[in-house]
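> sequence first, predicted coordinates after that:
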Amino acid sequence: MTTLLPVHLTFRAALLLAFGIGLFATNPAMANMALSNAIVHFEPGEPTRQDVEISNMGSEPLYVKIEPKVVLNPGTDAEQREPITDPREHGLLVTPNRLVIAPGSAQVIRLVNIKGADDAERIFRITARPIAGEFEATTSGLKVLIGYEVLAIVYPQKPQPNLDVIRDGRTLTITNSGNTNVFLQEGFQCKDPKAAVEDCTPLPGKRMYPGMQWVTELPHDLPVRYYQSVGTRNFVETYP
């Protein structure tokens, strides 16, 4: 049985992906940048333009470089990320490519799906990377800054999610044979079907892109339940 859940669960499970970057400058390390969205969905029939707000919560000007990339073969061993040099080729325009944000204020980067939807899903990663001092750093020293990534998904014209799930004892095999990604989150196994979720064993999550297969070992030989998201739609599935 499929149960619809509030849309906000998608963002409850979404995490900003942070990475450390060493740059040359003399100022202390700062991590005063915040993004309004970690995931941007371009679904059929929905607006082709979306904004992500970047806030500067620090006391100094924040210099940010924006780096959009297209993700090829996402979720596989052959995954590659290529910088977008011509938005017309990959169909995503991200502007501007640099920002200067005053202390306590915010600015937006705009993502425009200029190609629309086609038969295949398109995946992008947009990095917002603080730069030490001005855009050209000339002083010596080490400064560790925190960058953030936004996942942008352009869904097919006719999304058809299809997960093939096989549980063999404590081995779970999931294959996405559809044409769009499915985000598995907050999975769990319960010894008692009537048990509260907090009394069950949590399971790792995974974003399953088309063509992906995921094999994972389970803690118990028991049915598996996962919250799932397809775009902004959320539901629960149980696999015996």
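In hand now; what should we look at? Numbers count the residues shown, from 1 in each chain.
> now residue 96: how far from residue 124?
Per Cβ to Cβ, to the nearest Å, residue 96 is found 17 Å from residue 124. C-beta coordinates here come from the backbone N, C-alpha and C atoms, glycine included.
> higher neighbour count, those two?
Neighbour count, other Cβ atoms under 10 Å: between residue 96 and residue 124, residue 124 has more, with 24 against 11.
> spatially nearest residue to the more buried one (excluding sequence neighbours)?
Computed as Cβ to Cβ, 6 or more residues apart in numbering, the closest residue to residue 124 that is not its neighbour in sequence is residue 152, at 4.1 Å.
> if residue 206 is in a bridge, with which residues?
Beta bridges link residue 206 to residue 184, judged by DSSP bridges.
> hang on, the earlier thing: in which helix or strand would I find the residue nearest to residue 124?
Taking DSSP states H and E as the definition, one finds residue 152 inside strand 143-154.
> and the residue nearest to residue 124, what is it in contact with?
By Cβ atoms under 8 Å, 6 or more residues apart in numbering, the contact set of residue 152 is 39-40, 42, 92, 111, 123-126.
> which one of those is nearest residue 66?
Residue 66 lies nearest to residue 126 out of the contacts of residue 152, by Cβ to Cβ, at 6.6 Å.
> what distance do you get for the residue nearest to residue 124 to residue 240?
Distance from residue 152 to residue 240, counting by Cβ to Cβ: 35 Å.
> and residue 55, by the same measure?
46 Å.
> and the two? Which one has more around it.
The neighbour count for residue 55 versus residue 240, taken as other Cβ under 10 Å, is higher for residue 55 (16 against 7).
> show me where pLDDT drops low in the protein?
1-31, 133-146 (pLDDT under 70).
> and the helices in it?
Assigned by DSSP state H, the helices in the chain fall at 9-13, 87-90.
> buried ones in the shortest one?
In terms of neighbour count (16 or more other Cβ atoms under 10 Å), helix 87-90 has its buried residues at residue 90.
> got the contact list for it?
70, 84, 93-94, 114-115, 122, 124.
> repeat that with 6 Å
By Cβ atoms under 6 Å, 6 or more residues apart in numbering, the residues outside helix 87-90 that reach it are 70, 84, 93.
> between those, which is nearest residue 198?
residue 70 (40.0 Å).
> so who does the most centrally placed residue in the chain touch?
For the chain, the residue nearest the mean C-alpha position is residue 151 (3.8 Å; Cα atoms, centre = their mean). Applying Cβ under 6 Å, 6+ apart, we find residue 151 in contact with residue 39.
> how near is it to residue 222?
31 Å.
> ok, now residue 114?
Taken as Cβ to Cβ, the span from residue 114 to residue 222 is 47 Å.
> ok so, going back, for the residue nearest to residue 124, which residues make a bridge with it?
residue 40, residue 124.
> near the residue nearest to residue 169 when sequence neighbours are not counted, how many other residues are there?
Of all residues not flanking residue 169 in the chain, residue 221 sits nearest, at 5.0 Å (Cβ to Cβ, 6+ apart). By the criterion of other Cβ under 10 Å, residue 221 has 11 neighbours.
> domain parsing of the chain, as residue ranges.
Domains of the chain are assigned by automatic domain parsing as 3-154, 163-239.
> and the end-to-end length of the last one?
In other words, domain 163-239. End-to-end distance of domain 163-239 (Cα to Cα, to the nearest Å): 11 Å.
> run the chain-centre distance for it.
The chain centre lies 18 Å from the centre of domain 163-239; the measure is Cα atoms, centre = their mean, to the nearest Å.
> next one: stretch 61-75
A distance of 12 Å separates the centroid of the chain from that of stretch 61-75, by Cα atoms, centre = their mean.
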